[in-house]
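Asks: fold the following.
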Amino acid sequence: MEGSRRLRLISNLWKAPRVLLLVGGVLFLSGQGFLAASFLQGTQGTVATIPAGPAWFYVYEIKVLGGSRVSGQFADLAGDVVNLYVFGERQYQVYAFIGLGRSLFSTNGSSGSFAIDLPSSGTYYLVFAHGAESENSAQDVRVSYRVAGIEPEFIGVGIPLIGAGTASVGVGLWRRDRQTKRANEELR
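Replies: A predicted model of the protein is given here:
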């Protein structure tokens, strides 16, 4: 008996317009946060450590929806030479398997900047590898990069949250209107 009463109270609570409005507002604002984050991909001043050995490298995975642009800077903290590559998904698979392959962009040096257009939707890889005569020791590379584009995971979470929030607010407003009309009719 007590359990069914609690269940009824919880059920009535969800019917309350204030709860629906509150939940809807939280979902809507959360969705907007995810949507905004989908446009802010990248990192600021992190250190990528490439382990010692000629086959080792450090990779940042970049997922984009539509054409985009990635730009940034890098600097080896010890002043050694670093190779930087930007690969598409298939190019990266070849590079990761045999250590060779064509890249969309490449540069090398102890420091530098880069900017490249990413032609279409997909996954791209920003790879830092040992430069000439730097393979025998670990390399610490300070990296900053930004992507001017849309990250599909965040937009895929943000849009449904906005939709659910909007629906919840709509139902809450409808229920509030209905309760107000009912209360006004009872007063007459």
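
Asks: how is this protein carved up into domains?
Replies: 22-39+151-182, 41-149 (automatic domain parsing).

Asks: chain center to the longest one, what's the gap?
Replies: Which is domain 41-149. 18 Å (C-alpha atoms, centre = their mean, to the nearest Å).

Asks: so where is this structure shaky, pLDDT-wise?
Replies: 1-3, 5-15, 34-43, 152-158, 183, 187-188 (pLDDT under 70).

Asks: which one's the longest strand in it?
Replies: strand 57-76 (DSSP state E).

Asks: redo the domains of the chain as JSON lines? Include mean neighbour count.
Replies: The way it works is simple: take the backbone N, C-alpha and C, and place the C-beta from them, glycine included. Converted to JSON lines, the domains of the chain look like this (neighbours: other C-beta atoms under 10 Å):
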{"stretch": "domain 22-39+151-182", "mean neighbour count": "16"}
{"stretch": "domain 41-149", "mean neighbour count": "16"}
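
Asks: in TSV: these, plus distance to A16.
Replies: Output for the domains of the chain, formatted as TSV (distance: least, C-beta to C-beta, whole Å):
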stretch	distance to A16
domain 22-39+151-182	8
domain 41-149	38
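
Asks: looking at these, spot the one closest to S4.
Replies: domain 22-39+151-182 (23.1 Å; C-beta to C-beta).

Asks: G67 touches G149, doesn't it?
Replies: Yes. Using C-beta atoms under 8 Å, G67 makes contact with G149 at a distance of 7.3 Å.

Asks: identify the contacts common to those two.
Replies: L118 (C-beta atoms under 8 Å, 6 or more residues apart in numbering).

Asks: can you map out the strands along this protein?
Replies: Using DSSP E, strands in the chain cover 41-50, 57-76, 82-88, 105-109, 111-118, 122-130, 139-150.

Asks: now those strands as JSON lines including distance to A164?
Replies: Below are these laid out as JSON lines (distance: least, C-beta to C-beta, whole Å):
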{"stretch": "strand 41-50", "distance to A164": "24"}
{"stretch": "strand 57-76", "distance to A164": "21"}
{"stretch": "strand 82-88", "distance to A164": "35"}
{"stretch": "strand 105-109", "distance to A164": "40"}
{"stretch": "strand 111-118", "distance to A164": "31"}
{"stretch": "strand 122-130", "distance to A164": "28"}
{"stretch": "strand 139-150", "distance to A164": "21"}
